[in-house]
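Enquirer: After the sequence you'll find the predicted model.
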Amino acid sequence: MSIRLALASSAVAAVLLVGTAADQPADHSAPVSQTAKPETVTYPSTVPFPGLEPTAPTCDLLGSLRPQGPLPEPGRMPAGSTMAGIAERGRLIVAIGLDTYLISFRNPETGQLEGFDIDIAGDIAEVIFGDRSRVEYRQLGVPGRLAAAESGDVDLAAGTTTITCRRRDQVEFSTVYYQAGQRVLVNRGSGITSLDGLAGRRVCAARGSTSLQKVLATPSGPVPVGVPSVTDCLVMLQLGEVDAVSTDDALLAGLAAQDPRTEIVGLPLTAEPYGIMINPAAPDLVRFVNAVLERRVEDGRWRASYQRWLTTLGPPPSPPEPQYRD
Amino acid sequence: MVLVLGVLLSGGVGAYAAYVRAEATRDIAERIEPLNADVTTLYRSLAAADATVTSGFLSGSLEPSWVRARYDDQVTEATARQAQAGAQAGEDLVTADGIADIAAQLPVYTGLVERARANNRQGLPLGVAYLRRASELMQSSILPEAEELQRRQAAELREAYRRAEPVPVVALAACAVSLAGLIWAQLFLLQRTHRVFNIGLVAATGAVLVGLLWWTVTWVISAGYLQDSRGHSKSVSDALGPAQIAALEARATESLALVARDGGATDDDFTAQMQLLARNEGAGGALGAARRLATDQEGRDLTDTAIGEALGYQEAHQEVRRLDADGKYRQAVEAALRTDPASDLTTFDRLDSALTDAVERERTAFMGDIDRAQRWLTGLAVGTGALALAAAVGVALGVRSRLEEYR
């Protein structure tokens, strides 16, 4: 019986592996480094990680649209603007990631979504309506969020989304609101300190993610295991089915917070600048969102939000410096 | 001499045919059906436990106590049935192996469910990840194994019917030949001796006629009951049983799709499972098949009730689904938890009990028919044999008294 189960699960793993090669979403510009020297990078750090960029991006990756003028008062959106349309509708529609603890997750007590990314949506709603609860969330996976932002089905799409040139072909990105990096989560006392120390061991990441590709590309040869959602990785780690989880630190923080017997180790292996996806046909909304992002850094809300959710990763780093292409 | 042998032979063949049918019927009633009932109930309670525990997560971090109690009952039922089926499987090693497999996986499943609950109670999304993992184990490993067991029992049942049903042409032919022989012998003696009656031969003819009559009447009547019972068992194994499972799996998927947003169960899966249950407004799918397979009005009525409930449940689900698609998650969950007569929860419970009623009724009818067939067949083999023996003795005596006259 146990042999049969083991066979079944390795068959599943094999299928997952094949699957990742086939339905890898467009994320080629995300730095996948084999020659990186992470030791030279101090972490946490500011945007970007210069030492981690093996190839120059093929586009202006981080440059967004500069805010114009001061932010309007709540309820006084410029006539004819995208924001005025949202105000008239009465709610901001935001596509958000699936349940990821501390980033965007449903608090079972209240039934409300909470987290680091949800704070941003609330701040934007507060500027438009003077009421941070007037947000309608649609929980979607990465491809669904990308499509929803591109078609304008939603006003904004957030949720641990790395800015990439390929995605930029479809949607506009806000400035960077968080600089993530891929790290490794292991059981405490495992002695593992990096991805390199996981030769031949099983390492879990979300199916179709750049994290899984990075695991696959690691020279020491860890065995990548893809699952539908990153929380499934923690299940597998607890059940002893994988030896480590490797993905963005923001996601790992959510896992580590659910299991005090785990720890995040190693230095960032990649640079994952997170941005908010917006319909490219609404440049006014992009400028508006960037202005809100700037203000929440200035008035300390960014830092407060980090302290509320992500302290597992250490003290708050300096917020990402906005870059504009005007 | 030939006549004695002929009578004995026809009696023997008839008695053997009766014996085979009686044995096959007894096999169905005493061995196959009880195991089949255990396997079916095991299958159903496993699927039901999964549907129950996933629906409990809709209420957030505090699982309602009735959900817990119901889940406990269903797991207890599954454990009991699995133990009983294991004991009954006996020499059927494949079945015993399948049951042992389920027995080994069930604690893994319940273990995952407990971890899911422990984490969920702390408000951690990890709870739902464990729930999804448990449900996947159930739906993609344990339930298919149970389904395989059930398919095996259905095949056993078919095989038993195949043994019980054929008309023994040889027995009838032998009987006809013996009768013809007896009449010929009496005519022959009538010509030779000018005595009208030979008591031995007349008695033998009488015995053969009585035997033939008894045998034929019993055979036809028991065949009717066997056929009826087969119809009832077929509608359970081919239609109502799968309908129950499809409904429960759809229910588990519905809950899981609401509580676990990150991959796994989706509304498309729900729709696919409901299609298996009742396609085209109940004309197709398992319930459509049940409607066609029903052998009497009561069966059709109960199936119609279930079809009506399935459509009601689908409608209630659509409302939950619409709210969820509009981003009104909390209202969707509230709608899923409401207990008014048209709500998602109530309509599903009604569908489940309508299906249970239909299955119970078919099973009772099946057992009744098998019982009646068995009762009609009682003593047939022995009786036919005894009558043949009596006829043979009659022939021997009758012929001997004539032979003595010639000495």
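Expert: On my side now, so go ahead.

Enquirer: mind checking which helix or strand the residue most central in space within chain B is in?
Expert: The structure's chain B has its C-alpha centroid closest to residue B:233; by Cα atoms, centre = their mean the separation is 4.1 Å. Under the assignment given by DSSP states H and E, the secondary-structure element containing residue B:233 is helix B:199-235.

Enquirer: and the following helix or strand past that helix with chain A, contact?
Expert: Once helix B:199-235 ends, the next helix or strand along the chain (criterion: DSSP H and E) is helix B:241-259. No: under the criterion of Cβ under 8 Å from any Cβ of the partner chain, helix B:241-259 makes no contact with chain A; the nearest approach is 8.7 Å. Yep, even glycine has a C-beta here, placed from its N, CA and C like the rest.

Enquirer: what's the angle between helix B:241-259 and helix B:199-235?
Expert: With axes from the mean of the first three to the mean of the last three Cα atoms, to 10 degrees as the criterion, the two stretches helix B:241-259 and helix B:199-235 enclose an angle of 10 degrees.

Enquirer: Next, the buried residues of whichever helix or strand comes after helix B:241-259.
Expert: Moving toward the C-terminus from helix B:241-259, the next helix or strand (DSSP H and E) is helix B:267-277. For helix B:267-277, the neighbour count (16 or more other Cβ atoms under 10 Å in any protein chain shown) marks B:267, B:269, B:270, B:273, B:274, B:276, B:277 as buried.

Enquirer: Please apply the same query to stretch B:203-220.
Expert: In stretch B:203-220, counting by 16+ other Cβ under 10 Å, buried: B:203, B:204, B:205, B:207, B:208, B:211, B:212, B:214, B:215, B:218, B:219.

Enquirer: any idea of the mean pLDDT in it?
Expert: Here the mean pLDDT over stretch B:203-220 is 88, rounded to a whole number.

Enquirer: just how off-centre is it within its chain?
Expert: Between the centre of stretch B:203-220 and the centre of its host chain there is 34 Å, according to Cα atoms, centre = their mean, to the nearest Å.

Enquirer: okay, now whichever residue of chain A sits closest to chain B: neighbour count?
Expert: Sorted by distance to chain B under Cβ to the nearest Cβ, the residues of chain A start with residue A:228, at 2.8 Å. The tally of other residues near residue A:228 (other Cβ atoms under 10 Å in any protein chain shown) stands at 19.

Enquirer: Confirm for me that it is in contact with residue A:205.
Expert: No: between residue A:228 and residue A:205 no contact is recorded; they are 11.3 Å apart, counting by Cβ atoms under 8 Å.

Enquirer: Compute the number of surrounding residues for the closest residue to chain A within the stretch 101-250 of chain B.
Expert: Closest approach between the stretch 101-250 of chain B and chain A, counting by Cβ to the nearest Cβ: residue B:129, at 4.1 Å. Counted by other Cβ under 10 Å, the residues lying close to residue B:129 total 31.

Enquirer: Contact partners for it?
Expert: If you count contacts by Cβ atoms under 8 Å, 6 or more residues apart in numbering or on different chains, residue B:129 has them with A:229, A:231, A:232, A:234, A:235, B:116, B:260, B:262.

Enquirer: Among the residues you listed, which ones are in helices?
Expert: For these, the ones inside helices are A:231, A:232, A:234, A:235, B:116, with DSSP state H as the criterion.

Enquirer: Out of those, which is nearest to residue B:241?
Expert: Taking Cβ to Cβ as the measure, residue B:241 sits nearest to residue B:116 out of the ones in helices among the contacts of residue B:129, at 28.1 Å.

Enquirer: ok, now which ones touch residue A:313?
Expert: Residue A:313 makes contact with A:44, A:249, A:250, A:253, A:264, according to Cβ under 8 Å, 6+ apart.

Enquirer: Turn the residues you listed into JSON lines, columns for secondary structure, neighbour count and distance to residue A:185.
Expert: Formatted as JSON lines, the entries for the contacts of residue A:313 read as follows, by DSSP: H, G, I helix; E, B strand; the rest coil; neighbours: other Cβ atoms under 10 Å in any protein chain shown; distance: Cβ to Cβ, whole Å:
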{"residue": "A:44", "secondary structure": "coil", "neighbour count": "17", "distance to residue A:185": "17"}
{"residue": "A:249", "secondary structure": "helix", "neighbour count": "26", "distance to residue A:185": "9"}
{"residue": "A:250", "secondary structure": "helix", "neighbour count": "26", "distance to residue A:185": "12"}
{"residue": "A:253", "secondary structure": "helix", "neighbour count": "24", "distance to residue A:185": "9"}
{"residue": "A:264", "secondary structure": "strand", "neighbour count": "17", "distance to residue A:185": "5"}
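
Enquirer: how about CSV for those residues, with pLDDT added?
Expert: Output for the contacts of residue A:313, formatted as CSV (pLDDT from 0 to 100):
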residue, pLDDT
A:44, 36
A:249, 94
A:250, 94
A:253, 95
A:264, 95
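
Enquirer: Spell out which parts of the stretch 301-407 of chain B neighbour chain A.
Expert: Looking at chain A, the residues of the stretch 301-407 of chain B close enough under Cβ under 8 Å from any Cβ are B:326, B:327, B:328, B:329, B:330, B:333.
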